[in-house]
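**Student:** Sequence first, then the predicted structure:
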2 protein chains.
Amino acid sequence: MSNNARFAEIAALAGDPGRASMLNGLMDGRALTATELARLAGITAQTASSHLTKMTEAGLLLVEKQGRHRYHRLASPAVAQMIESIMRIAAPEAVVRQLRTGPRDMALRAGRTCYDHLAGHLGVSITDALIDAGHIELGLDAGEVTDSGLALFDRAGVDIKAAAAKRGRILCRPCLDWSERRPHLAGAIGAALCAHCFNHGWIRRIEGTRAVSVTPNGHRHLRETFGVRYS
Amino acid sequence: MSNNARFAEIAALAGDPGRASMLNGLMDGRALTATELARLAGITAQTASSHLTKMTEAGLLLVEKQGRHRYHRLASPAVAQMIESIMRIAAPEAVVRQLRTGPRDMALRAGRTCYDHLAGHLGVSITDALIDAGHIELGLDAGEVTDSGLALFDRAGVDIKAAAAKRGRILCRPCLDWSERRPHLAGAIGAALCAHCFNHGWIRRIEGTRAVSVTPNGHRHLRETFGVRYS
DNA sequence: TTGATACTTCGACCAATTCCGAAGCATTCT
DNA sequence: AGAATGCTTCGGAATTGGTCGAAGTATCAA
């Protein structure tokens, strides 16, 4: 198969409404069963099975058998980045027609996980607060954690040692938010921060979606520790 | 239209072999006429016209009328990044079946432009040389130009001032190469370096493709100035 | 063993989409 | 003006591909 045909094949897989729903449902990095994904996409189990087989064979998904369940998840962070990059192109229109967005969409805009880090209004707010306080610097191409940021993360107990392994300098990745149209903190640092928030009960996943809500406790800590003015 | 439907629509547009050919043909950032794109995709002008209309309406392409020609180009760097991210998922299979790759594919693997910067064996070789000499540092998430790199680019006449505007530090973006499976230099610095190579006749575009070849003059300068061992 | 759940395979139907020939419009060349 | 080029629109044929009912396999629970 030619290179171009492979390209079209991959894009076409993401180009079906049902499969698109499933892929987006897997964007939080969790592994879901075929039935869960079918319900999520609003299709029957047979149809979902067919879709999942195709996506798995094409290398978009990995499947793990566990008893009578089959857990599906994105095959790699690269797949998540592909989905995010498509979302970024697809979003502008949605922003213009914001009137039509339902409550579920609103929750996603307020806060969500983007595979392994935080996005939406929440993600951008945290990022803004870190920038304003001089804890990180973020350009279009890349970003960096400053010495004060390093101290802050250390004090707060966010484990960014793994990301620091390379050299002295801690670099991080900006990710353009499709709902806010502004960059938020991604990469290893973003992932560590997101994990920290979940582990300490600062944020909680809203049942069945990848939207997250901030707990009262989280509100307080985010404000006190990171200076987030989360409106 | 729901957010998910928009997502599927965009992905489906990229998921047709003809349209995929066109998008890849536009990946060098140039603007091509409808007829050129039709020939490139191996379809008739009518069919191409229909495809181009759809992609333009969806915001993937911009069209500029000039006399009786209509020049089409990618609507934004974000679109180029989307295409690149899909390519990254689509590539592994091609690597395995490398036996089947024709001469055109080989040229692309040797060196090509990735929208505005250099990729392929050429792009990776330059990046490796810069890293080895300590001119840049590149992590998975982000990279940075060192002081010695700053001096080198200045001495060589590569204009990276624009990218330096923000703050003192020069950050750069790594881009995972789909053919080499290793990162190469992208972002503003990568674009500036690529432009420099074209402007000085170090590299030349291979007619009708986005593959590039290194001129004898370019070979010498890349070796002497940047220490590239381009095999 | 019996029944229930999770998932897949098969087959047929239906809708969407691609495709090109023919014709039409706009611009440029002679 | 007349002819040629670049591109678009129209209409109908052919194919692809999603969908679900029905039936089949595998696992688990009593």
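**Tutor:** Perfect, I can see it now. Numbering: from 1, shown residues only, chains lettered A, B, ... in the order given.
**Student:** List the buried residues in the longest helix belonging to chain A.
**Tutor:** Secondary structure of chain A read by DSSP state H shows that its longest helix is helix A:77-96. Neighbour counts over helix A:77-96 (16 or more other C-beta atoms under 10 Å in any protein chain shown) mark A:78-91, A:94 as buried. Yep, even glycine has a C-beta here, placed from its N, CA and C like the rest.
**Student:** Could you do stretch A:26-45 as well?
**Tutor:** By 16+ other C-beta under 10 Å, the buried positions in stretch A:26-45 come out as A:26-29, A:31-32, A:34, A:36-41, A:43.
**Student:** got JSON lines for these, with distance to residue A:126 too?
**Tutor:** Shown next, in JSON lines, are these (distance: C-beta to C-beta, whole Å):
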{"residue": "A:26", "distance to residue A:126": "24"}
{"residue": "A:27", "distance to residue A:126": "19"}
{"residue": "A:28", "distance to residue A:126": "17"}
{"residue": "A:29", "distance to residue A:126": "19"}
{"residue": "A:31", "distance to residue A:126": "26"}
{"residue": "A:32", "distance to residue A:126": "27"}
{"residue": "A:34", "distance to residue A:126": "35"}
{"residue": "A:36", "distance to residue A:126": "29"}
{"residue": "A:37", "distance to residue A:126": "30"}
{"residue": "A:38", "distance to residue A:126": "34"}
{"residue": "A:39", "distance to residue A:126": "32"}
{"residue": "A:40", "distance to residue A:126": "28"}
{"residue": "A:41", "distance to residue A:126": "31"}
{"residue": "A:43", "distance to residue A:126": "36"}
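**Student:** returning to what we had before: and the longest helix of chain A with helix B:77-96, angle?
**Tutor:** Interaxial angle of helix A:77-96 relative to helix B:77-96 (axes from the mean of the first three to the mean of the last three C-alpha atoms, to 10 degrees): 150 degrees.
**Student:** lowest-pLDDT helix or strand in chain A?
**Tutor:** Every helix and strand of chain A was ranked by mean pLDDT, DSSP states H and E. The lowest is helix A:161-164, at a mean of 63.
**Student:** strands paired with the following helix or strand past that helix, and their directions?
**Tutor:** Per DSSP states H and E, the first helix or strand lying C-terminal to helix A:161-164 is strand A:171-176. For strand A:171-176, the paired strands and their directions (DSSP bridges) are strand A:143-145 (antiparallel), strand A:183-186 (antiparallel).
**Student:** Which among those strands is found nearest to DNA strand D?
**Tutor:** Shortest distance between DNA strand D and those, using C-beta to the nearest atom of the strand, is found for strand A:183-186: 30.4 Å.
**Student:** What average pLDDT does the following helix or strand past the closest one get?
**Tutor:** For strand A:183-186, the succeeding helix or strand toward the C-terminus, using DSSP H and E, is helix A:187-199. Mean per-residue pLDDT for helix A:187-199: 92.
**Student:** what do you get for stretch A:214-231?
**Tutor:** For stretch A:214-231, the per-residue pLDDT averages 90.
**Student:** Same question for it: list its buried residues.
**Tutor:** Buried, per 16+ other C-beta under 10 Å, within stretch A:214-231: A:214, A:215, A:218, A:221, A:222, A:225, A:226, A:228, A:230.
**Student:** from those residues, which two are the most distant?
**Tutor:** Using C-beta to C-beta, the pair of the buried residues of stretch A:214-231 lying farthest apart is A:215 and A:226, separated by 15.0 Å.
**Student:** just the helices in chain A please.
**Tutor:** A:3-14, A:17-25, A:34-41, A:45-57, A:77-96, A:103-110, A:120-132, A:147-156, A:161-164, A:187-199, A:216-226.
**Student:** If anything else comes up later, I'll come back, but that's it for now.
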